[in-house]
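>>> just a sequence and a predicted model for now, questions to come.
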Amino acid sequence: MAKHGKKYLAAAAKIDQDQLYTPEQALALVKETSYTKFDGTVEVHIRTTLDPRQADQQVRDVVVLPHGLGKTVRVLVFAAGEAATLARNSGADTVADDDETMSKIQAGWADFDVAISTPDLMGKVGRLGRVLGPRGLMPNPKAGTVVPADDLPRAIQEAKAGRVEFRLDKTANIHVQIGKASFENKKLFENLSTLMDAIKKARPSGAKGSYLKHITLAASMGPGIKVDPSLAQEMEATE
(Lines give C-alpha, C1' and ligand atoms only; values in the text may rest on other atoms or scores of the structure.)
Protein backbone atom coordinates (compact mmCIF):
# COMPACT_ATOMS: atom_id res chain seq x y z
CA MET A 1 0.00 0.00 0.00
CA ALA A 2 1.40 3.39 -1.01
CA LYS A 3 2.52 5.75 1.75
CA HIS A 4 0.91 9.16 1.64
CA GLY A 5 2.50 12.46 2.60
CA LYS A 6 1.43 14.76 5.43
CA LYS A 7 -0.63 17.03 3.15
CA TYR A 8 -2.64 14.08 1.79
CA LEU A 9 -3.23 12.68 5.27
CA ALA A 10 -4.33 16.09 6.57
CA ALA A 11 -6.77 16.39 3.66
CA ALA A 12 -8.05 12.83 4.15
CA ALA A 13 -8.69 13.53 7.85
CA LYS A 14 -11.41 16.01 6.80
CA ILE A 15 -13.40 13.24 5.10
CA ASP A 16 -15.61 10.62 6.72
CA GLN A 17 -14.94 7.52 4.59
CA ASP A 18 -18.14 5.89 5.85
CA GLN A 19 -20.38 8.76 4.75
CA LEU A 20 -22.14 9.26 1.43
CA TYR A 21 -22.09 13.01 0.83
CA THR A 22 -24.56 15.10 -1.15
CA PRO A 23 -23.10 16.46 -4.42
CA GLU A 24 -22.94 19.96 -2.86
CA GLN A 25 -21.10 18.70 0.23
CA ALA A 26 -18.71 16.60 -1.87
CA LEU A 27 -17.79 19.49 -4.17
CA ALA A 28 -17.14 21.78 -1.20
CA LEU A 29 -14.88 19.09 0.31
CA VAL A 30 -13.06 18.59 -3.00
CA LYS A 31 -12.10 22.26 -3.00
CA GLU A 32 -11.12 22.12 0.68
CA THR A 33 -8.97 19.00 0.25
CA SER A 34 -7.15 20.12 -2.92
CA TYR A 35 -3.65 20.64 -1.55
CA THR A 36 -1.40 20.72 -4.63
CA LYS A 37 0.58 23.89 -5.39
CA PHE A 38 -0.95 23.90 -8.88
CA ASP A 39 -4.66 24.36 -9.54
CA GLY A 40 -5.92 20.80 -9.13
CA THR A 41 -8.31 19.15 -11.58
CA VAL A 42 -11.62 17.91 -10.18
CA GLU A 43 -12.29 14.33 -11.29
CA VAL A 44 -15.40 12.14 -11.17
CA HIS A 45 -14.93 8.38 -10.87
CA ILE A 46 -17.99 6.20 -11.41
CA ARG A 47 -18.21 2.48 -10.72
CA THR A 48 -20.97 0.94 -12.83
CA THR A 49 -22.82 -2.38 -12.70
CA LEU A 50 -22.13 -2.94 -16.41
CA ASP A 51 -20.19 -5.78 -18.02
CA PRO A 52 -17.68 -4.18 -20.45
CA ARG A 53 -17.45 -7.48 -22.39
CA GLN A 54 -21.08 -7.21 -23.52
CA ALA A 55 -21.86 -5.22 -26.69
CA ASP A 56 -25.19 -3.97 -25.28
CA GLN A 57 -23.56 -2.64 -22.10
CA GLN A 58 -21.17 -0.08 -23.61
CA VAL A 59 -21.12 3.61 -22.70
CA ARG A 60 -19.45 6.17 -24.94
CA ASP A 61 -20.60 9.70 -25.56
CA VAL A 62 -19.60 13.35 -25.32
CA VAL A 63 -20.93 16.28 -23.32
CA VAL A 64 -20.22 20.00 -23.45
CA LEU A 65 -19.71 21.27 -19.90
CA PRO A 66 -21.30 24.72 -19.42
CA HIS A 67 -18.20 26.17 -17.73
CA GLY A 68 -15.50 24.21 -19.58
CA LEU A 69 -12.50 22.59 -17.94
CA GLY A 70 -10.57 25.71 -17.03
CA LYS A 71 -7.72 24.97 -19.36
CA THR A 72 -6.64 25.82 -22.88
CA VAL A 73 -7.58 22.96 -25.20
CA ARG A 74 -5.19 22.46 -28.13
CA VAL A 75 -7.04 21.14 -31.18
CA LEU A 76 -5.45 19.33 -34.12
CA VAL A 77 -7.50 18.77 -37.26
CA PHE A 78 -6.81 16.22 -40.00
CA ALA A 79 -8.17 17.85 -43.14
CA ALA A 80 -7.12 18.67 -46.71
CA GLY A 81 -7.83 21.37 -49.28
CA GLU A 82 -10.70 23.74 -48.50
CA ALA A 83 -11.48 21.82 -45.29
CA ALA A 84 -7.93 22.53 -44.04
CA THR A 85 -8.40 26.24 -44.73
CA LEU A 86 -11.75 26.20 -42.93
CA ALA A 87 -10.16 24.44 -39.93
CA ARG A 88 -7.42 27.09 -39.70
CA ASN A 89 -9.95 29.89 -39.95
CA SER A 90 -12.08 28.24 -37.25
CA GLY A 91 -9.33 28.25 -34.64
CA ALA A 92 -7.57 24.88 -35.02
CA ASP A 93 -4.13 25.04 -33.36
CA THR A 94 -2.63 22.59 -35.84
CA VAL A 95 -3.89 21.33 -39.19
CA ALA A 96 -2.40 18.04 -40.37
CA ASP A 97 -2.78 18.31 -44.12
CA ASP A 98 0.68 17.23 -45.26
CA ASP A 99 2.93 14.18 -45.03
CA GLU A 100 5.41 16.08 -42.87
CA THR A 101 2.92 16.55 -40.01
CA MET A 102 1.68 12.96 -40.39
CA SER A 103 5.28 11.69 -40.13
CA LYS A 104 5.86 13.85 -37.07
CA ILE A 105 2.84 12.27 -35.33
CA GLN A 106 3.92 8.80 -36.48
CA ALA A 107 7.26 9.46 -34.72
CA GLY A 108 5.43 10.15 -31.45
CA TRP A 109 4.59 13.86 -31.46
CA ALA A 110 1.25 14.48 -29.74
CA ASP A 111 1.33 18.07 -28.52
CA PHE A 112 -2.46 18.48 -28.62
CA ASP A 113 -5.48 17.60 -26.48
CA VAL A 114 -8.16 16.78 -29.09
CA ALA A 115 -7.84 15.41 -32.62
CA ILE A 116 -10.63 15.94 -35.14
CA SER A 117 -10.73 14.51 -38.68
CA THR A 118 -12.83 14.76 -41.82
CA PRO A 119 -14.02 11.31 -43.02
CA ASP A 120 -11.87 11.35 -46.19
CA LEU A 121 -8.62 11.45 -44.18
CA MET A 122 -9.47 8.61 -41.77
CA GLY A 123 -7.62 6.14 -44.03
CA LYS A 124 -4.38 8.00 -43.32
CA VAL A 125 -5.27 8.73 -39.69
CA GLY A 126 -5.87 5.02 -39.07
CA ARG A 127 -2.15 4.38 -39.64
CA LEU A 128 -1.39 6.60 -36.66
CA GLY A 129 -3.34 4.37 -34.27
CA ARG A 130 -0.20 3.22 -32.46
CA VAL A 131 0.45 6.81 -31.35
CA LEU A 132 -3.09 8.21 -31.06
CA GLY A 133 -4.89 5.16 -29.64
CA PRO A 134 -3.06 4.76 -26.29
CA ARG A 135 -3.36 8.52 -25.66
CA GLY A 136 -7.11 8.54 -26.32
CA LEU A 137 -6.62 10.90 -29.27
CA MET A 138 -7.91 8.75 -32.14
CA PRO A 139 -10.77 10.54 -33.93
CA ASN A 140 -14.02 8.60 -33.66
CA PRO A 141 -17.54 9.25 -35.01
CA LYS A 142 -19.14 8.25 -31.65
CA ALA A 143 -16.99 10.83 -29.86
CA GLY A 144 -17.98 13.51 -32.36
CA THR A 145 -14.42 13.88 -33.62
CA VAL A 146 -14.97 12.59 -37.18
CA VAL A 147 -17.12 15.23 -38.87
CA PRO A 148 -17.89 16.52 -42.39
CA ALA A 149 -15.87 19.54 -43.49
CA ASP A 150 -18.76 21.97 -43.04
CA ASP A 151 -19.17 20.82 -39.42
CA LEU A 152 -15.54 21.57 -38.48
CA PRO A 153 -16.21 25.07 -37.03
CA ARG A 154 -18.76 23.66 -34.55
CA ALA A 155 -16.56 20.68 -33.59
CA ILE A 156 -13.51 22.90 -33.02
CA GLN A 157 -15.52 25.43 -31.01
CA GLU A 158 -17.07 22.73 -28.81
CA ALA A 159 -13.68 21.08 -28.19
CA LYS A 160 -12.23 24.39 -27.05
CA ALA A 161 -15.30 25.27 -24.97
CA GLY A 162 -15.08 22.17 -22.79
CA ARG A 163 -16.51 19.18 -24.62
CA VAL A 164 -15.42 16.02 -22.84
CA GLU A 165 -15.77 12.39 -23.82
CA PHE A 166 -16.82 9.76 -21.31
CA ARG A 167 -16.61 6.04 -21.87
CA LEU A 168 -16.74 2.76 -19.99
CA ASP A 169 -13.27 1.30 -19.44
CA LYS A 170 -12.31 -2.37 -19.20
CA THR A 171 -12.87 -2.38 -15.43
CA ALA A 172 -16.49 -1.10 -15.73
CA ASN A 173 -15.54 2.40 -14.55
CA ILE A 174 -16.05 5.86 -16.06
CA HIS A 175 -13.53 8.63 -15.30
CA VAL A 176 -14.24 12.26 -16.26
CA GLN A 177 -12.77 15.68 -15.45
CA ILE A 178 -15.27 18.45 -14.63
CA GLY A 179 -13.11 21.52 -14.02
CA LYS A 180 -10.55 23.04 -11.66
CA ALA A 181 -10.50 23.24 -7.88
CA SER A 182 -10.41 27.05 -8.21
CA PHE A 183 -13.87 27.05 -9.86
CA GLU A 184 -16.75 28.47 -7.83
CA ASN A 185 -18.91 25.79 -6.20
CA LYS A 186 -21.83 26.78 -8.45
CA LYS A 187 -19.82 26.23 -11.64
CA LEU A 188 -18.55 22.83 -10.48
CA PHE A 189 -22.10 21.89 -9.48
CA GLU A 190 -23.48 22.86 -12.90
CA ASN A 191 -20.70 20.99 -14.72
CA LEU A 192 -21.33 17.89 -12.59
CA SER A 193 -25.11 18.17 -13.13
CA THR A 194 -24.64 18.35 -16.89
CA LEU A 195 -22.28 15.35 -16.86
CA MET A 196 -24.61 13.21 -14.69
CA ASP A 197 -27.55 14.04 -16.96
CA ALA A 198 -25.55 12.95 -20.03
CA ILE A 199 -24.41 9.72 -18.35
CA LYS A 200 -28.02 8.89 -17.38
CA LYS A 201 -29.14 9.48 -20.98
CA ALA A 202 -26.29 7.26 -22.24
CA ARG A 203 -27.54 4.29 -20.18
CA PRO A 204 -27.09 1.26 -22.47
CA SER A 205 -29.95 -1.07 -23.36
CA GLY A 206 -28.29 -3.99 -21.57
CA ALA A 207 -27.98 -2.17 -18.22
CA LYS A 208 -29.77 -3.86 -15.35
CA GLY A 209 -30.68 -2.50 -11.93
CA SER A 210 -29.04 0.60 -10.55
CA TYR A 211 -26.46 1.11 -13.41
CA LEU A 212 -24.31 3.56 -11.38
CA LYS A 213 -23.01 1.81 -8.26
CA HIS A 214 -20.45 4.15 -6.65
CA ILE A 215 -19.53 7.77 -7.40
CA THR A 216 -16.38 9.39 -6.04
CA LEU A 217 -15.05 12.93 -6.44
CA ALA A 218 -11.41 13.91 -5.98
CA ALA A 219 -9.01 16.72 -6.81
CA SER A 220 -5.63 15.93 -8.42
CA MET A 221 -3.68 13.60 -6.08
CA GLY A 222 -6.30 14.24 -3.38
CA PRO A 223 -8.41 11.79 -1.34
CA GLY A 224 -11.66 10.41 -2.73
CA ILE A 225 -15.01 11.68 -1.49
CA LYS A 226 -17.98 9.33 -1.83
CA VAL A 227 -21.17 10.81 -3.28
CA ASP A 228 -24.64 9.38 -2.70
CA PRO A 229 -25.36 7.83 -6.16
CA SER A 230 -29.13 8.36 -5.88
CA LEU A 231 -28.70 12.08 -5.18
CA ALA A 232 -26.10 12.45 -7.96
CA GLN A 233 -28.53 10.91 -10.45
CA GLU A 234 -31.28 13.32 -9.39
CA MET A 235 -29.16 16.42 -10.15
CA GLU A 236 -30.85 18.80 -12.55
CA ALA A 237 -28.80 19.60 -15.65
CA THR A 238 -28.41 23.29 -16.46
CA GLU A 239 -29.83 24.69 -19.64
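Structure's in. What do you need? Residues are numbered from 1 along each chain as shown.

>>> now A55: how far from I178?
The gap separating A55 from I178 is 28 Å, by C-beta to C-beta, to the nearest Å. From N, CA and C alone the C-beta is placed, and that goes for glycine too.

>>> who has more neighbours, those two?
I178 (30 against 8; other C-beta atoms under 10 Å).

>>> am I right that that one is in contact with G68?
No. Using C-beta atoms under 8 Å, I178 is not in contact with G68; the gap is 9.9 Å.

>>> list the neighbouring strands of the helix or strand where F166 lies plus their orientation.
According to DSSP states H and E, F166 maps onto strand 163-167. Strand pairing for strand 163-167, using DSSP bridges, gives strand 60-64 (antiparallel).

>>> need the next SSE after the partner strand, C-terminal direction.
Immediately after strand 60-64, counting by DSSP H and E, sits strand 75-78.

>>> list the strands paired with that next one, with their directions.
So strand 75-78, judged by DSSP bridges, has these partners: strand 94-96 (parallel), strand 114-117 (parallel).

>>> run the chain-centre distance for the helix or strand just after it.
Next along the chain after strand 75-78, taking DSSP H and E as the criterion, comes helix 82-89. Centre-to-centre, helix 82-89 and its host chain are 26 Å apart (C-alpha atoms, centre = their mean, to the nearest Å).

>>> in helix 82-89, what's buried?
83-84, 86-88 (16 or more other C-beta atoms under 10 Å).

>>> and the helices in the protein, which stretches?
Counting by DSSP state H, the chain has helices at residues 6-12, 23-32, 82-89, 99-106, 122-126, 129-132, 152-161, 185-201, 229-233.

>>> what's the angle from the third one to helix 152-161?
Pointing back at helix 82-89 there. Helix 82-89 runs at 40 degrees relative to helix 152-161, counting by axes from the mean of the first three to the mean of the last three C-alpha atoms, to 10 degrees.
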